[in-house]
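J.: quick one: sequence and predicted model below, then my questions.
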Amino acid sequence: MQQSRREFAKKTAMITAGAAAIAGTSVLAATGESSHQDDSNNGVVKGSSRKKEILYKKTAAWEEFYKNAK
C-alpha cells in the first residue's frame, strides 16, 4: 500500500512537471518575444519591471577588491 502511494506521487509529480514545461514553452512561443540580435535591440531584452536594478554599490569591500585586482 505504502509503495503504491509513493509510485503514484512520483508519477503525478513527473506529469505535472512535464505539463508545466510544455505550458511555459507554448507561452513563450505565443508571445513572439525573442532575444535575437539585430540593430534595433542589440540582443538586449527589455523587461517591464518598475524596480530599479542596482548592479554596483560602492562599498569598502569592493574598493579593496578593485585595488587588489590591479
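T.: Here it is on my side, so go on.
J.: next secondary structure after the helix or strand where residue 13 lies?
T.: Using DSSP states H and E, residue 13 sits in helix 2-31. Using DSSP H and E, the helix or strand that follows helix 2-31 towards the C-terminus is helix 60-69.
J.: what's the average pLDDT for that following helix?
T.: The pLDDT scores in helix 60-69 average 92.
J.: okay, and for the chain, where does confidence drop off?
T.: Residues of the chain meeting the criterion pLDDT under 70: 1-2, 23-39, 41.
J.: can you do 90?
T.: 1-58, 70 (pLDDT under 90).
J.: can you report how many residues neighbour residue 48?
T.: Other residues near residue 48 come to 4 when the count uses other C-beta atoms under 10 Å. Heads up, the C-betas are built off the backbone N, CA and C, glycines and all.
J.: for it, phi and psi?
T.: The phi/psi pair for residue 48 (degrees, to the nearest 10) reads phi -110, psi 10.
J.: any idea how far residue 22 is from residue 16?
T.: Remark: distance between residue 16 and residue 22 (C-beta to C-beta, to the nearest Å) = 11 Å.
J.: ok, residue 65 next?
T.: Residue 65 sits 44 Å away from residue 22, going by C-beta to C-beta.
J.: likewise residue 50?
T.: Where residue 22 is concerned, residue 50 sits at a distance of 31 Å (C-beta to C-beta).
J.: could you do residue 13 as well?
T.: Applying C-beta to C-beta, the value for residue 13 to residue 22 is 15 Å.
J.: try residue 67
T.: Using C-beta to C-beta, residue 67 is found at 51 Å from residue 22.
J.: kindly report the same for residue 55.
T.: Applying C-beta to C-beta, the value for residue 55 to residue 22 is 34 Å.
J.: compare the two and say which one has the larger neighbour count.
T.: Legend: neighbour count by other C-beta under 10 Å for residue 55 and residue 22, higher for residue 22 (10 against 4).
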